[in-house]
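# Fold the following.
(one chain, ligands or ions: 1)
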Amino acid sequence: MLQLNHVAKLFNPATPDEKIALFDIQLHLKPGDFVTVIGSNGAGKSTLMNIISGVMKPDTGNVRIDNEDITHLPEHRRSRWIGRVFQDPMAGTAPYMSIEENLAMAYARGKNRGFSLGVKSSKRTLFRDKISSLGIGLEDRLHAKVGMLSGGERQALSLLMATFTNPQILLLDEHTAALDPSRAELITRLTESIVREMNLTTLMVTHNMEQAIRLGNRLIMMDGGRIILDIDEEKKKDLTVEQLLGEFEQISGHKLADDRVVLG
Ligand SMILES: Nc1ncnc2c1ncn2[C@@H]1O[C@H](COP(=O)(O)OP(=O)(O)OP(=O)(O)O)[C@@H](O)[C@H]1O
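Numbering: from 1, shown residues only. A predicted model of the protein is given here:
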C-alpha cells in the first residue's frame, strides 16, 4: 500500500555538518497496518514522516502509494491520501478561526473547489455529526475560536481534520507528547477508534515505549537513519518495555538515547 524503496536523505552534503538522516530505507506497509515508530534522538523519524508527507524529497529512492510513484508530488497534492497530526496542538489548526471554519478548511482540502469560510446548513449538520463523534462536547462550541480550546481539545480536532476527507494514510508525529497523561490517553483512545473505523494505514512516532508496544500491529525501531528492528504483531503482543530496550541496545550497540523517552 505505502512503499518506501531505497530511500536516502543526507543533509548538508560534503560539509562539516553533513548528517545522514535516512540510509537506504526499505519500508512496505499493507493496507490497515498500524505501525509504531521509536528511535533515538536524530534517528531519522521526522525525516521519514516528512518524506512520506512530501515536505521534503529523498535524495535517492522512491515513495509509492498503491504502486503509484508519488516521490515528486508536492505536499498539498498528497493531502487527499495522507493526513498528518503533529506534536504541537497549535500546528494542525488555525487559532483565529472557529471550530466550524477549521472543519470547512479541512473539508475543502484535497478537493479542487475553492474554500469558503461560509458554512451552509447542510455542511453544518455534517460537521456537528463528525465532531459529536469525538465525544468531548465540541459540537456545542462550533463558533468558538480554536485558540480558546485546551491542548487536548485541539489535538482531538486536529485528528478529526486530518482524517476528514477519508485519507488512506495517517501520520502521527508524537501527537500525544505535549499533553498531560489523561488528555494523552483520551487522544490515544480517539486515535485507535478512528484508525480502526476508517481502516487507516498508520505510522505513529512515539517516545512512549509502553504505547509503542500496546498500539498497532507492528513496531519499527530506528537508529542512525536505519530501521534496525521490525517487530510483528505476534512478537509484539508479549513484549515488555525492558525487552524492547534490551533489543535496541543489543542491535545498536548503545542505549536508547532519547531525551524524551517515557517508559510507560
Ligand atoms: N533540516 C535539516 N538540516 C540539517 N540536518 C537535519 C535537518 N533535519 C534533520 N537533520 C538531521 O538529520 C538527522 C535526523 O533527524 P530527524 O529529525 O529526522 O530525527 P528524529 O528521529 O526525528 O529525532 P528526534 O527524536 O530527536 O526528533 C539528525 O542528525 C538531524 O540533526
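# ok, residue 53 - contacts?
In this structure, residue 53 makes contact with 75, 78, 82, 84, 171, judged by Cβ atoms under 8 Å, 6 or more residues apart in numbering. Where you see a C-beta, it was placed from the backbone N, CA and C, and this is true even at glycine.
# And those, which two are furthest apart?
By the measure Cβ to Cβ, 75 and 171 form the most distant pair in the contacts of residue 53, at 11.5 Å.
# Between those two, which is the more surrounded one?
Between residue 75 and residue 171, counting by other Cβ atoms under 10 Å, residue 171 is the more crowded of the two (25 against 13).
# Could you pull up the residues touching the more buried one?
Residue 171 makes contact with 49, 52, 53, 82, 83, 84, 85, 202, 203, 204, according to Cβ under 8 Å, 6+ apart.
# Would you mind putting the residues you listed into a markdown table with distance to residue 166, secondary structure and pLDDT alongside?
Formatted as a markdown table, the contacts of residue 171 follow (distance: Cβ to Cβ, whole Å; DSSP: H, G, I helix; E, B strand; the rest coil; pLDDT from 0 to 100):
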| residue | distance to residue 166 | secondary structure | pLDDT |
| --- | --- | --- | --- |
| 49 | 20 | helix | 96 |
| 52 | 18 | helix | 97 |
| 53 | 17 | helix | 94 |
| 82 | 12 | strand | 93 |
| 83 | 9 | strand | 92 |
| 84 | 15 | strand | 93 |
| 85 | 16 | strand | 93 |
| 202 | 14 | strand | 97 |
| 203 | 17 | strand | 97 |
| 204 | 19 | strand | 97 |
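# Can you pull the residues of the stretch 1-150 of the chain lying near the ligand?
11, 12, 19, 21, 39, 41, 42, 43, 44, 45, 46, 47 (Cβ under 6 Å from any ligand atom).
# can you rerun that using 8 Å?
Residues of the stretch 1-150 of the chain lying close to the ligand by Cβ under 8 Å from any ligand atom are 9, 11-12, 17, 19-22, 39-50, 56.
# Reformat the contacts of residue 53 as TSV; add distance to residue 233.
TSV is the format used below for the contacts of residue 53 (distance: Cβ to Cβ, whole Å):
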residue	distance to residue 233
75	31
78	28
82	23
84	24
171	20
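# Out of these, which is nearest to the ligand?
Among the contacts of residue 53, residue 171 lies closest to the ligand (Cβ to the nearest ligand atom), at 12.5 Å.
# any idea where the strands of the protein begin and end?
For the chain, the strands defined by DSSP state E occupy 2-11, 19-29, 34-39, 60-65, 68-69, 82-85, 169-173, 201-205, 218-223, 226-232.
# For the second one, name the packing helices and strands.
If I follow you right, that is strand 19-29. If you count contacts as 3 or more Cβ pairs under 8 Å, 6 or more residues apart in numbering; DSSP states H and E, strand 19-29 packs onto strand 2-11, helix 45-53, strand 226-232.
# likewise the last one?
With contacts defined as 3+ Cβ pairs under 8 Å, 6+ apart, strand 226-232 has these neighbours: strand 19-29, strand 218-223, helix 241-252.
# Let me know which of the ones you listed is tucked in deepest.
A comparison of the helices and strands packed on strand 226-232 by mean neighbour count, using mean count of other Cβ atoms under 10 Å, puts strand 218-223 on top with a mean of 22.
# Can you show me the CA trace of it as CSV?
Extracted C-alpha coordinates of strand 218-223, given in CSV (Å, rounded to 0.1, in the frame of the first residue of the first chain):
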residue,chain,number,x,y,z
ARG,A,218,3.8,-3.6,14.0
LEU,A,219,6.7,-1.7,15.6
ILE,A,220,9.8,-0.4,14.0
MET,A,221,12.9,0.8,15.7
MET,A,222,15.2,3.4,14.1
ASP,A,223,18.8,4.4,14.8
